[in-house]
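**Q** after the sequence you'll find the predicted model.
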Amino acid sequence: MSDALQHTAAKPEPWVRKQVAAGEIIFAEGAPAEHVYLVVSGQVEIVTLKPDGSILILSLVTPGRFFGEMAMFDETPKRSATAISMSGCVVSMMSAQARKAYQETMDPFARHLITSLAGRVRDLTKRIKAVDL
């Protein structure tokens, strides 16, 4: 079991578990960033639409891994990609209010460093969409 899964099992608040059906969209690109997610079981695919309308797979998220976490650290309130359940899965969700409270307890230097990295990932996502792969 991953450290993240052990942490949420030991201290379930502020995490809320949700069952997600196969093929269900968990959040869509451009939607408000309201939660940070942790895959408990199953798999989640992170995708984006390229300018030509084709789908670009950015990541396959497996148990013990986070997704939607960039919204926790950068100032962009919109999703940069779409998250889709690839199999029936269970996710744990942390609300925006809870993540903001948690973020306030973080070391300011670490918070700034992570914010910078999240901004870079968001920028790279935009750039990769423009490349013809």
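**A** That came through fine. Numbers count the residues shown, from 1 in each chain.
**Q** quick one: Leu56 and Lys129 touch, right?
**A** Yes - assessed by C-beta atoms under 8 Å, Leu56 is found in contact with Lys129 at 6.3 Å. The way it works is simple: take the backbone N, C-alpha and C, and place the C-beta from them, glycine included.
**Q** overlap in contacts, these two.
**A** By C-beta atoms under 8 Å, 6 or more residues apart in numbering, Leu56 and Lys129 have these common neighbours: 48-50.
**Q** quick check, nearest of those residues to Met70?
**A** Met70 has its nearest neighbour among these in Thr48, at 12.9 Å by C-beta to C-beta.
**Q** so what's that closest one closest to, chain neighbours aside?
**A** Ala81 (4.5 Å; C-beta to C-beta, 6 or more residues apart in numbering).
**Q** the one you found: neighbour count?
**A** Using other C-beta atoms under 10 Å, Ala81 has 24 other residues around it.
**Q** do you know how far it is from Val121?
**A** Ala81 is 10 Å from Val121, where distance means C-beta to C-beta, to the nearest Å.
**Q** buried residues in the helix or strand where Ile114 lies?
**A** Using DSSP states H and E, Ile114 maps to helix 108-130. Residues 114-115, 118, 122, 125, 129 are the ones in helix 108-130 that count as buried (16 or more other C-beta atoms under 10 Å).
**Q** tell me which of those residues is nearest to Ser85?
**A** Ranked by distance to Ser85 (C-beta to C-beta), the buried residues of helix 108-130 are led by Thr125 at 20.2 Å.
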